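Enquirer: Dropping a prediction and its sequence here:
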Amino acid sequence: MRKDDCFYLGKIAKKFSFKGEVLIYLDTDEPEMYEDLESVFVEFNKNLVPFFIENGQLHKGDFLKVRFEDVDSEEEADKLIGCEVYLPLTMLPKLEGNKFYYHEVIGFDVIDQRLGNIGKIVAINDSAAQPLFEIDKDGIEILVPMIDDFIVEVNRTNKSITLNTPEGLVDLYLG
(Lines give C-alpha, C1' and ligand atoms only; values in the text may rest on other atoms or scores of the structure.)
Protein backbone atom coordinates (compact mmCIF):
# COMPACT_ATOMS: atom_id res chain seq x y z
CA MET A 1 0.00 0.00 0.00
CA ARG A 2 1.35 3.41 -0.97
CA LYS A 3 0.96 6.45 1.25
CA ASP A 4 -0.62 8.26 -1.72
CA ASP A 5 -3.47 5.74 -1.60
CA CYS A 6 -4.10 6.36 2.11
CA PHE A 7 -5.28 9.04 4.49
CA TYR A 8 -3.78 9.98 7.84
CA LEU A 9 -5.92 8.66 10.68
CA GLY A 10 -3.75 9.54 13.68
CA LYS A 11 -0.71 8.63 15.69
CA ILE A 12 0.12 5.94 18.22
CA ALA A 13 0.35 8.12 21.31
CA LYS A 14 1.22 5.84 24.21
CA LYS A 15 1.10 2.40 25.74
CA PHE A 16 -2.02 1.43 27.61
CA SER A 17 -1.12 -1.79 29.37
CA PHE A 18 1.77 -4.13 30.01
CA LYS A 19 0.18 -6.57 27.52
CA GLY A 20 1.09 -4.46 24.48
CA GLU A 21 -2.08 -2.40 24.09
CA VAL A 22 -1.63 1.12 22.71
CA LEU A 23 -3.69 4.28 22.41
CA ILE A 24 -4.03 5.75 18.93
CA TYR A 25 -4.88 9.45 18.85
CA LEU A 26 -7.57 9.79 16.16
CA ASP A 27 -7.27 12.99 14.14
CA THR A 28 -10.92 13.06 13.10
CA ASP A 29 -14.20 14.76 13.95
CA GLU A 30 -15.95 11.38 14.09
CA PRO A 31 -13.81 8.93 16.10
CA GLU A 32 -16.77 6.53 16.50
CA MET A 33 -16.52 5.71 12.77
CA TYR A 34 -13.20 3.96 13.42
CA GLU A 35 -14.07 1.86 16.46
CA ASP A 36 -14.55 -1.44 14.59
CA LEU A 37 -11.46 -1.46 12.37
CA GLU A 38 -9.99 -4.83 11.38
CA SER A 39 -6.59 -3.40 10.47
CA VAL A 40 -4.60 -0.21 9.96
CA PHE A 41 -1.35 0.70 8.24
CA VAL A 42 1.40 1.86 10.57
CA GLU A 43 4.27 3.88 9.12
CA PHE A 44 7.37 2.10 10.29
CA ASN A 45 10.82 3.03 8.88
CA LYS A 46 9.12 4.95 6.02
CA ASN A 47 7.06 1.90 5.03
CA LEU A 48 3.37 1.28 5.60
CA VAL A 49 3.02 -2.00 7.47
CA PRO A 50 -0.40 -3.62 7.97
CA PHE A 51 -1.30 -4.33 11.59
CA PHE A 52 -4.33 -6.45 12.40
CA ILE A 53 -6.49 -5.41 15.34
CA GLU A 54 -7.62 -8.04 17.83
CA ASN A 55 -9.83 -5.55 19.59
CA GLY A 56 -10.30 -1.83 19.69
CA GLN A 57 -12.53 0.53 21.59
CA LEU A 58 -12.86 4.25 21.99
CA HIS A 59 -11.11 5.70 25.01
CA LYS A 60 -11.75 9.22 26.34
CA GLY A 61 -13.28 10.47 23.08
CA ASP A 62 -10.35 10.99 20.70
CA PHE A 63 -8.34 7.84 21.46
CA LEU A 64 -8.74 4.31 20.21
CA LYS A 65 -7.44 1.68 22.61
CA VAL A 66 -6.06 -1.10 20.43
CA ARG A 67 -4.59 -4.52 20.87
CA PHE A 68 -2.71 -5.51 17.74
CA GLU A 69 -2.14 -9.13 16.78
CA ASP A 70 1.44 -10.21 17.56
CA VAL A 71 2.13 -7.21 19.83
CA ASP A 72 2.11 -8.88 23.22
CA SER A 73 4.56 -6.92 25.36
CA GLU A 74 5.48 -3.42 26.47
CA GLU A 75 8.76 -3.70 24.52
CA GLU A 76 6.94 -4.46 21.26
CA ALA A 77 4.45 -1.65 21.93
CA ASP A 78 7.32 0.78 22.69
CA LYS A 79 8.58 0.42 19.12
CA LEU A 80 5.25 1.73 17.80
CA ILE A 81 4.95 4.86 19.97
CA GLY A 82 4.94 7.98 17.79
CA CYS A 83 4.25 6.06 14.56
CA GLU A 84 1.61 7.48 12.24
CA VAL A 85 -1.46 5.42 11.37
CA TYR A 86 -3.13 5.35 7.95
CA LEU A 87 -6.16 3.82 6.26
CA PRO A 88 -6.89 3.31 2.54
CA LEU A 89 -8.66 6.25 0.86
CA THR A 90 -11.43 3.82 -0.07
CA MET A 91 -12.45 3.79 3.62
CA LEU A 92 -13.26 7.51 3.67
CA PRO A 93 -17.00 8.13 3.70
CA LYS A 94 -18.19 9.69 0.43
CA LEU A 95 -18.89 13.40 0.70
CA GLU A 96 -21.64 14.98 -1.32
CA GLY A 97 -22.67 18.44 -2.44
CA ASN A 98 -20.12 21.17 -1.78
CA LYS A 99 -18.23 19.21 0.89
CA PHE A 100 -14.96 17.66 -0.29
CA TYR A 101 -11.71 16.15 0.87
CA TYR A 102 -8.65 18.21 0.00
CA HIS A 103 -7.02 15.38 -1.96
CA GLU A 104 -10.06 14.82 -4.19
CA VAL A 105 -10.15 18.33 -5.73
CA ILE A 106 -6.50 18.43 -6.82
CA GLY A 107 -6.55 18.79 -10.60
CA PHE A 108 -10.07 20.25 -10.68
CA ASP A 109 -10.69 23.27 -12.94
CA VAL A 110 -11.68 26.43 -11.09
CA ILE A 111 -14.49 28.41 -12.67
CA ASP A 112 -15.01 31.92 -11.34
CA GLN A 113 -18.58 33.14 -11.95
CA ARG A 114 -17.28 36.50 -13.15
CA LEU A 115 -13.96 35.60 -14.82
CA GLY A 116 -14.56 32.10 -16.21
CA ASN A 117 -11.86 29.42 -15.96
CA ILE A 118 -9.06 30.73 -13.73
CA GLY A 119 -6.91 27.58 -13.74
CA LYS A 120 -6.46 24.21 -12.02
CA ILE A 121 -6.15 23.42 -8.33
CA VAL A 122 -2.58 22.16 -7.84
CA ALA A 123 -2.63 22.00 -4.03
CA ILE A 124 -4.46 22.97 -0.88
CA ASN A 125 -2.39 25.04 1.53
CA ASP A 126 -3.70 24.34 5.01
CA SER A 127 -0.71 25.58 6.98
CA ALA A 128 -2.34 28.96 7.70
CA ALA A 129 -5.42 29.68 9.80
CA GLN A 130 -7.52 29.77 6.61
CA PRO A 131 -6.91 26.98 4.06
CA LEU A 132 -6.19 28.22 0.53
CA PHE A 133 -6.82 26.83 -2.93
CA GLU A 134 -3.49 26.97 -4.80
CA ILE A 135 -4.52 27.49 -8.42
CA ASP A 136 -2.19 27.45 -11.43
CA LYS A 137 -3.20 29.67 -14.37
CA ASP A 138 -0.56 29.36 -17.11
CA GLY A 139 2.29 29.46 -14.59
CA ILE A 140 0.74 32.18 -12.40
CA GLU A 141 -0.06 31.07 -8.85
CA ILE A 142 -3.46 32.26 -7.61
CA LEU A 143 -4.35 31.82 -3.94
CA VAL A 144 -8.03 31.85 -3.01
CA PRO A 145 -9.22 31.40 0.59
CA MET A 146 -11.32 28.28 0.99
CA ILE A 147 -14.42 29.99 2.32
CA ASP A 148 -17.84 28.30 2.15
CA ASP A 149 -19.43 31.53 0.88
CA PHE A 150 -17.07 31.53 -2.15
CA ILE A 151 -17.85 27.92 -3.14
CA VAL A 152 -20.89 27.82 -5.42
CA GLU A 153 -20.61 24.24 -6.69
CA VAL A 154 -18.32 21.22 -6.55
CA ASN A 155 -18.88 19.23 -9.74
CA ARG A 156 -17.22 15.83 -9.39
CA THR A 157 -18.42 14.66 -12.81
CA ASN A 158 -16.76 17.57 -14.67
CA LYS A 159 -13.92 17.82 -12.13
CA SER A 160 -14.55 21.50 -11.51
CA ILE A 161 -15.28 23.89 -8.69
CA THR A 162 -17.31 27.03 -9.31
CA LEU A 163 -16.40 30.00 -7.11
CA ASN A 164 -17.95 33.39 -6.58
CA THR A 165 -14.97 35.46 -5.45
CA PRO A 166 -15.13 39.12 -4.45
CA GLU A 167 -14.13 41.53 -7.20
CA GLY A 168 -10.42 42.24 -7.08
CA LEU A 169 -9.31 39.05 -5.32
CA VAL A 170 -8.40 37.03 -8.43
CA ASP A 171 -7.88 40.14 -10.60
CA LEU A 172 -4.97 41.01 -8.30
CA TYR A 173 -3.02 38.00 -9.63
CA LEU A 174 -4.07 38.31 -13.28
CA GLY A 175 -3.73 42.10 -13.54
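Expert: Arrived safely.

Enquirer: Sheet partners, orientation included, of the longest strand belonging to the chain?
Expert: Longest strand in the chain, counting residues (DSSP state E): strand 47-59. Using DSSP bridges, the strands paired with strand 47-59 in its sheet are strand 39-44 (antiparallel), strand 63-68 (antiparallel).

Enquirer: buried ones in that strand?
Expert: L48, F51, I53, G56, H59 (16 or more other Cβ atoms under 10 Å). In short, each C-beta sits where N, CA and C put it, glycine included.

Enquirer: Who does K15 form a beta bridge with?
Expert: With DSSP bridges as the rule, K15 is bridged to V22.

Enquirer: Just the pLDDT for it.
Expert: pLDDT for K15: 94.

Enquirer: what's near enough to touch T28?
Expert: L9, G10, Y34 (Cβ atoms under 8 Å, 6 or more residues apart in numbering).

Enquirer: gap between G61 and L89?
Expert: For G61, the distance to L89 equals 25 Å [Cβ to Cβ, to the nearest Å].

Enquirer: So which of the two has more stuff around it?
Expert: Comparing G61 with L89 by other Cβ atoms under 10 Å, the one with more neighbours is L89, at 13 against 8.

Enquirer: right, and the more buried one touches F41 too?
Expert: No - using Cβ atoms under 8 Å, L89 is not in contact with F41; the gap is 11.5 Å.

Enquirer: For M33, which residues are in contact?
Expert: P93.

Enquirer: does it count as helix, strand or coil?
Expert: Assigned state for M33: helix (three-state reduction, DSSP: H, G, I helix; E, B strand; the rest coil).

Enquirer: In terms of model confidence, name the weakest of the contacts of T28.
Expert: Lowest model confidence among those falls on Y34, which carries 91.

Enquirer: Tell me, how many residues neighbour that one?
Expert: Residue neighbour count, defined by other Cβ under 10 Å, stands at 19 for Y34.

Enquirer: I figured it hits L26, correct?
Expert: Yes - counting by Cβ under 8 Å, a contact exists between Y34 and L26, whose distance comes to 6.0 Å.

Enquirer: Now do the lowest-mean-pLDDT helix or strand in the chain: which elements does it pack against?
Expert: Taking mean pLDDT, DSSP states H and E as the measure, the chain has helix 171-174 as its least confident helix or strand, at a mean of 90. Where contact means 3 or more Cβ pairs under 8 Å, 6 or more residues apart in numbering; DSSP states H and E, helix 171-174 is packed against strand 140-145.

Enquirer: can you list contacts of the strand it packs on?
Expert: By Cβ under 8 Å, 6+ apart, the list of residues contacting strand 140-145 from outside reads 110, 118-119, 125, 130-136, 150, 163, 165, 169-170, 173-174.
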